[in-house]
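# Build me a model from this:
(one chain, ligands or ions: 1)
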Amino acid sequence: MATGRGGFSSKLGVVLATAGSAVGLGNIWRFPYITGENGGGAFILLYLAVILFFGIPAMMAEFCIGKTAKANASKAFEIIAPGSKWYIVGLIGVIVAVIILGYYTVVTGWTLEYLFRSVLGDLQGKSVLEYSNMFDDFTADPVRPILWTAIVVFLSYLIISKGVQNGIEKASKVMMPMLFIVLIILAIRSLMLPGAAAGMKFLFYPDFSKLTLQSLLDAVGQVFFSMSIGMGCMITYSSYFKKNVDLIKTSASVASIDTLVAIISAIVIFGTMFSFHMQPDEQGPGLVFKTLPNIFQQMAGGIVWALLFYILLFLASITSIISLLEVVIAYINETWHLSRIKSSRIVSAITIALGVLSALSFNLLSFVKIGGMGLFDFSDFITAKVLMPLGGIAMAIFIGWRMGREEVKNEITNMGKYPVAIYKIYMVLIRFVVPIGITAIFISSLLPH
Ligand code: TRP
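Here you go, the predicted model:
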């Protein structure tokens, strides 16, 4: 590595850290819920097609930019296209990271509260209504969620301030295998529950009549969020890749891990819910924090399963949070020329401040509405549905139409290791399929439906 900015030490480190970013709340609660809403099996096939045609090419585009420029998400564009306005795309990415951090750390704080409660035995002996109220009371509290958010940011700071190799890479190498083990244990347990087979049928039997145009759009949106693409997170991580890292292999591995974790999480949740005759139709936070505690308490050894589940959510979230923090830290570090520690402190402080606003949007600030949404929902909307799709389109256009052909060709074919035909197919995807596809979701997300 030519520069003094450090980097991932091994290929395993690259894959685990990048998969750590991708695997997060998006896989464990968002994917199962969206799959449930879109009728199960057929949606999973659609999701796989979207990963293949949009997700992997878009991830490779970001890798290509980051690995070539070896700089943060904004400076990378300045280096490849000096004197142009392209750096704004990266700058918007940095802002998106800050906004996502503001609410993502709050939700991760909720997982700590539930982890804590499962240890205290608080997730037992309650009715469906009591669990629902418990969650509402907790988020209505102006203090407790903020304390947990601060703890989450502090723990993330401890990792991220140690740098790329000793912080991000080391933490990912410990936390990702733990996450896989916990996930597999939960999946086996779920599959052994009586009636779990009905959940599996729902999940894997494709009923194409359940798919709508909206399903395609849901799949594209979910792929972007889940793979951490469209805002420079993957540019930042790939700026720490060594020269010999193979972009096709890396993106295929990360996409496979991310998808497997999503599908296995869906097995855990659907197997468990169908076994207890519950339909997977409750949205987002409700599913994981209101419905699941009620199911866990009915299972033999329920506290252990609840504990494992919230540990799983926490591990998945924290490795995603550090990737979002890194986007901003690399930017501040390289643009404002502040030390890594100082940059980490500034970003942590900003994150806590936004986290406070986001947590308060459930109580003291619930009157603040932007476009009819609370701050929490608005942050999710403006990032996932507006800024990330726009970023995805911009980056595809940058790689497809602006960056030097030879450079892209060398990166994609790994210096000629892969046949030119692969590069040609890639160019068709990134010049036409990806930008047109994302434009479609972007427009439709703005239309009322
Ligand atoms: N991909 C993560 C998840 O599934 C969240 C995440 C991390 C993310 N970094 C990102 C989303 C960058 C968008 C952009 O939960």
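# Can you report how many residues lie near the closest residue to residue 14 other than its chain neighbours?
Spatially, and ignoring its direct neighbours in sequence, residue 14 is nearest to residue 8 (4.7 Å; CB to CB, 6 or more residues apart in numbering). The way it works is simple: take the backbone N, C-alpha and C, and place the C-beta from them, glycine included. Neighbour count for residue 8, taken as other CB atoms under 10 Å: 24.
# Going forward, the N-terminal residue is numbered 517.
Let's use 517 as the start, then, which means that last one is residue 524.
# Now do residue 962, the pLDDT please.
On pLDDT, residue 962 comes in at 65.
# closest point of the stretch 767-916 of the chain to the ligand, which residue?
Proximity of the stretch 767-916 of the chain to the ligand (CB to the nearest ligand atom) peaks at residue 836, 3.8 Å away.
# how many other residues sit next to that residue?
Using other CB under 10 Å as the criterion, the residues surrounding residue 836 number 26.
# Write out the residues of this structure neighbouring the ligand.
With CB under 6 Å from any ligand atom as the criterion, the chain meets the ligand at residues 537-538, 540-543, 616, 741-742, 744, 747, 749, 836, 839-840.
# quick one, helices of the stretch 617-766 of the chain?
Taking DSSP state H, counting those that start in this stretch, the helices of the stretch 617-766 of the chain run over residues 644-656, 660-676, 686-707, 712-720, 729-742, 749-754, 763-791.
# one step back: list only those of the residues of the chain next to the ligand flagged as buried.
The neighbour-count criterion (16 or more other CB atoms under 10 Å) marks 537-538, 540-543, 616, 741-742, 744, 747, 749, 836, 839-840 among the residues of the chain next to the ligand as buried.
# What is the nearest of those residues to residue 876?
residue 616 (17.7 Å; CB to CB).
# Got the phi and psi for the closest one?
phi -60, psi -40 (degrees, to the nearest 10).
# same thing with residue 889?
Main-chain torsions, residue 889, degrees, to the nearest 10: phi -110, psi 150.
# is it in a bridge, and if so with what?
residue 886 (DSSP bridges).
# which one of the residues of the chain next to the ligand sits closest to residue 636?
residue 541 (23.2 Å).
# who's in contact with that closest one?
620, 623-624, 829, 832-833, 836 (CB atoms under 8 Å, 6 or more residues apart in numbering).
# circling back to that earlier point, tell me the SS of the residue nearest to residue 530?
With DSSP: H, G, I helix; E, B strand; the rest coil as the basis, residue 524 sits in coil.
# Please list all residues in contact with it.
Shown in contact with residue 524 (CB under 8 Å, 6+ apart): 530, 533, 680-681, 684-685, 756-758.
# let's go with 7 Å and repeat that
The neighbours of residue 524, taking CB atoms under 7 Å, 6 or more residues apart in numbering as the test, are 530, 533, 680-681, 685, 756-757.
# Just send the helices of the stretch 617-766 of the chain back as a markdown table, with mean pLDDT too.
Below are the helices of the stretch 617-766 of the chain laid out as a markdown table (pLDDT from 0 to 100):
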| stretch | mean pLDDT |
| --- | --- |
| helix 644-656 | 91 |
| helix 660-676 | 98 |
| helix 686-707 | 94 |
| helix 712-720 | 93 |
| helix 729-742 | 84 |
| helix 749-754 | 98 |
| helix 763-791 | 95 |
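# so which of those is the most packed in?
When you average the neighbours per residue for each of the helices of the stretch 617-766 of the chain (mean count of other CB atoms under 10 Å), helix 749-754 leads with a mean of 30.
# contacting residues around the helix or strand harbouring residue 873?
Assigned by DSSP states H and E, residue 873 belongs to helix 856-876. The contact list for helix 856-876 (CB under 7 Å, 6+ apart) reads 614, 617-619, 621-622, 658, 661-662, 665-666, 669, 673, 676-677, 679, 841, 844-845, 848-849, 881, 891-892, 895.
# go again using 8 Å as the cut-off
614-615, 617-619, 621-622, 625, 655, 658, 661-662, 665-666, 669-670, 672-673, 676-677, 679, 841, 844-845, 848-849, 852, 854, 881, 891-892, 895.
# Going by neighbour count, list what's buried in that helix.
Buried, per 16+ other CB under 10 Å, within helix 856-876: 856, 859-864, 866-868, 870-876.
# got the buried residues for stretch 521-539?
Of all the residues in stretch 521-539, those buried under the rule 16+ other CB under 10 Å are 521-525, 527, 529-539.
# no no, stretch 840-852
Burial within stretch 840-852, assessed by neighbour count using 16+ other CB under 10 Å, is assigned to 840-851.
# Next, the contact list for the residue of the chain positioned farthest from its centre, please.
Each residue of the chain has a distance to the centre, and by CA atoms, centre = their mean the biggest one is for residue 641: 33.3 Å. Residue 641 is in contact with residue 813, counting by CB under 8 Å, 6+ apart.
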